[in-house]
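Chemist: Pasting a predicted model and its sequence here:
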Amino acid sequence: MNTINRTQLLGMNCKQLEDYMLQIGQPRYRGRQIYKWIYQKDISSFYEMSDIPKELRRQLDETAVVSIPRVLKQRVSKDGTRKFLMELEDRKRIETVVIPQGEGRGSRYSLCISTQVGCPISCAFCATGSSGYHRNLQSHEMVGQFLSSRRELKKRLKKNDDNIISNVVYMGMGEPFLNYDQVIASVYLLIDPQGINLGQRHITISTSGEVKGIKRLAEEDLQITLAISLHAPNDQLRDQLVPLNRKYPLGQLMEAVEYYLDKTNRRVTFEYIMLDDVNISREHAHELIKMVKPLLANINLIPYNEVETLPFKRPSSNKVWQFYHWLVEGGLNVTIREERGGDIEAACGQLYVKER
Ligand code: SAH
Ligand code: SF4
């Protein structure tokens, strides 16, 4: 199907769809009807919109499009995690992961959304960063990852559960705040009670420390969770691990976090990758406690998922627990991220762009 010159309806909010209907000489309420078909029912063609007049369905089929990314391949981990390889309209490919939540494995899933094709930040330890940067994703491609994954899960698991995806984390490929407007537009689509209706508290955005984005998010009236990829407690080390630190050193980053806390009153989470012999010494623990304690933040420790082409190693579980205890004794609120999908390279930081 030739989709060039057709109007992309996916990514429009209800008001935009209503305006579009008016523009093509239809009553406004048709926009709301179509909005529900797109976001609440997993349709694959305009012809399935049974309460829309046949003539309009035909017209839309010729002039408009709803481009939900196509799942080319999926891999299923022994723990139930699934990794989808998806193709976009320009045939670029991205990876999206769904992770089973809590007990009763496989009843509800958390979805890990990609925000860019590749990532320009180039963190030293990350497979995505080392696969280069291609382009930003548009909001319809992010919400499309949700719709496509939901459809696929319902089909594969034979479950007619519209809430099968209960959580969304913006932790796939890419730095969300280098694509701020499109990412936030996709969040508003996910939480709209007239549409997908995901709870705001079930959404997390993770940033490597894009200070402007953190400040902008503080101004939004949103109840989502902000996670900051810290990974090092001093500038010297963070400059090496997260190159964005050279632009926004820890002083500026922490100032932005304080601004966010003042404005929103919401706790942030600091993610801290554990790299053997790099960032988990007693001294690092002390520095981290000093920096984070006044902020009443949560720390999420992430034992490193090794990437074949990169030199970093995952620490032994003894070292992981040692570091954990140091932080807890120092008065921090700490969790350790449970690894999921490691056997299919679907764990954090193992996603990369596959060229065709
Ligand atoms: N770009 C954003 C969001 C995507 S990365 C960010 O960096 O925050 C999501 C999380 O996975 C980040 O905390 C990231 O640092 C972490 N991560 C990257 N590579 C990893 C790896 N190989 N093992 C474990 N975590 C990794
Ligand atoms: Fe980009 Fe995040 Fe990977 Fe860093 S960790 S390269 S910011 S995706």
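Modeler: On my side now, so go ahead. Residues are numbered from 1 along each chain as shown. Ligands and ions are numbered 1, 2, ... in the order given.
Chemist: count of neighbours near residue 201?
Modeler: 12 (other C-beta atoms under 10 Å). C-beta: built from backbone N, CA, C; applies to glycine.
Chemist: Phi and psi next, for it.
Modeler: Main-chain torsions, residue 201, degrees, to the nearest 10: phi -70, psi -10.
Chemist: what do you get for the one 3 residues further on?
Modeler: When quoted as degrees, to the nearest 10, the phi and psi of residue 204 stand at phi -130, psi 130.
Chemist: Over in the stretch 201-350 of the chain, which residue gets nearest ligand 2? Let me know.
Modeler: residue 208 (3.6 Å; C-beta to the nearest ligand atom).
Chemist: quick one: contacts for residue 272?
Modeler: Counting by C-beta atoms under 8 Å, 6 or more residues apart in numbering, residue 272 touches 230, 231, 279, 288, 299, 300, 301, 302.
Chemist: do that again at 6 Å, thanks
Modeler: Residues in contact with residue 272 (C-beta atoms under 6 Å, 6 or more residues apart in numbering) are 230, 231, 299, 301.
Chemist: Need those in JSON lines (columns: distance to residue 246, pLDDT and secondary structure).
Modeler: Formatted as JSON lines, the contacts of residue 272 follow (distance: C-beta to C-beta, whole Å; pLDDT from 0 to 100; DSSP: H, G, I helix; E, B strand; the rest coil):
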{"residue": "230", "distance to residue 246": "15", "pLDDT": "98", "secondary structure": "coil"}
{"residue": "231", "distance to residue 246": "14", "pLDDT": "98", "secondary structure": "coil"}
{"residue": "299", "distance to residue 246": "24", "pLDDT": "97", "secondary structure": "strand"}
{"residue": "301", "distance to residue 246": "25", "pLDDT": "96", "secondary structure": "strand"}
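Chemist: and this protein, which residues reach ligand 2?
Modeler: 119, 121-123, 126, 128-129, 173-175, 208, 229, 349 (C-beta under 6 Å from any ligand atom).
Chemist: any idea which element residue 30 lies in?
Modeler: Using DSSP states H and E, residue 30 maps to helix 29-40.
Chemist: Now the residue nearest to residue 40 when sequence neighbours are not counted: phi and psi?
Modeler: Spatial nearest neighbour of residue 40, chain neighbours left out: residue 195 (6.5 Å); criterion: C-beta to C-beta, 6 or more residues apart in numbering. Main-chain dihedrals, residue 195, degrees, to the nearest 10: phi -120, psi -120.
Chemist: What of the one 10 residues further on?
Modeler: Backbone torsions for residue 205, taken as degrees, to the nearest 10, come to phi -110, psi 130.
Chemist: For the residue nearest to it when sequence neighbours are not counted, give me the pLDDT.
Modeler: Closest residue to residue 205 apart from its sequence neighbours, by C-beta to C-beta, 6+ apart: residue 170 at 4.4 Å. Looking at residue 170, its pLDDT is 96.
Chemist: Please state the offset of stretch 212-232 from the chain centre?
Modeler: Taking C-alpha atoms, centre = their mean, to the nearest Å, one finds the center of stretch 212-232 at 13 Å from the center of the full chain.
Chemist: right, I mislabeled it, should have said stretch 113-127
Modeler: For stretch 113-127, the distance to the chain centre is 12 Å (C-alpha atoms, centre = their mean).
Chemist: would you turn the contacts of residue 272 into a markdown table with neighbour count?
Modeler: Shown next, in a markdown table, are the contacts of residue 272 (neighbours: other C-beta atoms under 10 Å):
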| residue | neighbour count |
| --- | --- |
| 230 | 28 |
| 231 | 25 |
| 299 | 20 |
| 301 | 19 |
